[in-house]
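**Student:** 3D model of this:
(chains A, B, C and D)
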Number of protein chains: 2
Amino acid sequence: MKTTDSRYHQCLYFTSNALARKIEKLAIENWKQVDLSPSHGYVLMAVLEEPGVQPGRLSDEMQLTPSTITRLLEKLEEKKLVIRTTEGKITNVYPTPKAKELFPQLKKCVTAFYQQYASIIGHKESNQLVKTLGAIADQL
Amino acid sequence: MKTTDSRYHQCLYFTSNALARKIEKLAIENWKQVDLSPSHGYVLMAVLEEPGVQPGRLSDEMQLTPSTITRLLEKLEEKKLVIRTTEGKITNVYPTPKAKELFPQLKKCVTAFYQQYASIIGHKESNQLVKTLGAIADQL
DNA sequence: ACTAAATATTTGTATATGCAAATATATTTT
DNA sequence: AAAATATATTTGCATATACAAATATTTAGT
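**Tutor:** A predicted model of the protein is given here:
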């Protein structure tokens, strides 16, 4: 089915949002196996790969605001996947044994997700796309 | 300031979301002059350019779900910018005189927004980007 | 040493969005 | 014509995210 020819589609506002929503949807499907949203999954992986990491660093890495990171960590803590220890003004986040057990499955989610979109839009193309988007986001 | 070298940045999930958020932020700034969010602004423009348009068509054009369109229209109706008339199962959306008065300013928002990001990433580059993103979103 | 500024995190609140179900109408099939 | 299916829209509910303010702590300036 042809898309409509509305001018608005030619606007970066729509294209960037529409793409992000579709990617998000794909990601959600893949992360369902571990009962986590993609954001939660990626944050958890970051914690697993860097035990004791601070929320501020997660905020930088994930390009999400500190408050969003707090909310994501709250949920992960509820699920007994991480624990936070606060000493003075800094907080450290550690993975629980339960999270460590889950690690292999999390990695599988990431690769399955990559394989899925790469198989659709091409491996080279997707790598190129990621670079392009990253570069542009940095400029803005 | 260099971004961190986390592997996750190489994932389309992050780059597409991060880009969309940055673009959204730019757009919000531009649409503030008319006291509308970008989504509301674009929907209103679509209604102005096609009076009587049906929500379902707006949903297609904007690539948003019908429920989201309903919500956007509700708010525009509260603001006395559109009116909905329902006859049988179809609904038609019309702009009010107040909306018509606003039209020139809305157009200005769109072009100011375009100028802003095009001046940053380049006119040719941004046109190319829009095409690329659209094509990829269509594949997914 | 005390005050001011900077830093790290959390909380309160608001928003856009989507999914699934509900509602209402139109169309097709038998 | 009645029943089943399809279509259009709205509603109830859940979610991720951000901003601004609050909190707590550390560092710097005098």
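
**Student:** buried residues, stretch A:56-64. List them.
**Tutor:** Along stretch A:56-64, the positions that meet the burial threshold by neighbour count (16 or more other Cβ atoms under 10 Å in any protein chain shown) are A:58-64. C-beta here means a position set from N, CA and C on the backbone, and glycine is covered the same way.

**Student:** stretch A:42-61 too?
**Tutor:** Within stretch A:42-61, the residues scored as buried using 16+ other Cβ under 10 Å are A:42-48, A:50, A:53, A:55, A:58-61.

**Student:** what about these, which are in helices?
**Tutor:** Secondary structure of those is defined by DSSP state H; positions in helices are A:42-48, A:55, A:58-61.

**Student:** okay, the residues you listed in TSV with distance to DNA strand C next?
**Tutor:** TSV is the format used below for those (distance: Cβ to the nearest atom of the strand, whole Å):
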residue	distance to DNA strand C
A:42	17
A:43	12
A:44	15
A:45	18
A:46	13
A:47	12
A:48	17
A:55	4
A:58	8
A:59	7
A:60	9
A:61	12
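
**Student:** any idea which of those is closest to chain B?
**Tutor:** Of all these, residue A:61 has the smallest distance to chain B: 4.6 Å, by Cβ to the nearest Cβ.

**Student:** I'd assumed residue A:47 was in contact with the closest one.
**Tutor:** No - contact status for residue A:61 versus residue A:47: not in contact, 10.6 Å apart, counting by Cβ atoms under 8 Å.

**Student:** and the gap between residue A:28 and residue A:40?
**Tutor:** Distance, residue A:28 to residue A:40, using Cβ to Cβ, to the nearest Å: 11 Å.

**Student:** which one of these two is surrounded by more residues?
**Tutor:** Between residue A:28 and residue A:40, counted using other Cβ atoms under 10 Å in any protein chain shown, residue A:40 has the larger neighbour count: 19 against 14.

**Student:** can you list contacts of the helix or strand the more buried one falls within?
**Tutor:** Mapping residue A:40 onto the secondary structure by DSSP states H and E places it in helix A:38-49. Contacts made with helix A:38-49 from outside it, assessed by Cβ atoms under 8 Å, 6 or more residues apart in numbering or on different chains, are listed as A:24, A:27-28, A:30-31, A:34, A:36, A:53, A:58, A:61-62, A:64, A:69, A:72-73, A:75-76, A:81-82, A:93-95, A:99-100, A:102-103, A:106-107, A:109-110, A:113, B:6, B:8, B:11, B:13-14.

**Student:** just to revisit the earlier point, max pairwise distance over the buried residues of stretch A:56-64: which two?
**Tutor:** Within those, two members stand farthest from each other by Cβ to Cβ: A:58 and A:63, at 10.1 Å.

**Student:** shared neighbours of these two, which are they?
**Tutor:** Counting by Cβ under 8 Å, 6+ apart, nothing touches both residue A:58 and residue A:63.

**Student:** quick check: residue A:64 is in a helix.
**Tutor:** No - if the criterion is DSSP: H, G, I helix; E, B strand; the rest coil, then residue A:64 is coil and not within a helix.

**Student:** the helix ranked longest in chain A close to chain B?
**Tutor:** Among all segments of chain A classified by DSSP H, the helix with the greatest residue count is helix A:97-121. Yes - shown here: helix A:97-121 in contact with chain B (Cβ under 8 Å from any Cβ of the partner chain) through A:110, A:113-114, A:117, A:120-121.

**Student:** compare these and tell me which is most surrounded.
**Tutor:** Looking at the residues of helix A:97-121 next to chain B with neighbours defined as other Cβ under 10 Å, the largest count falls to residue A:117 at 25 neighbours.

**Student:** from residue B:20, how far out is it?
**Tutor:** When Cβ to Cβ is applied, the distance between residue A:117 and residue B:20 equals 16 Å.

**Student:** what is the neighbour count of the closest residue to DNA strand D within chain A?
**Tutor:** Ranked by Cβ to the nearest atom of the strand, the top residue of chain A for proximity to DNA strand D is residue A:88, at 2.3 Å. Here the number of neighbours of residue A:88 (other Cβ under 10 Å) works out to 5.

**Student:** how about the contacts made by it?
**Tutor:** Contacts here follow Cβ under 8 Å, 6+ apart; on that basis residue A:88 touches nothing.

**Student:** against residue A:119, how distant is it?
**Tutor:** With the distance defined as Cβ to Cβ, residue A:88 ends up 48 Å from residue A:119.
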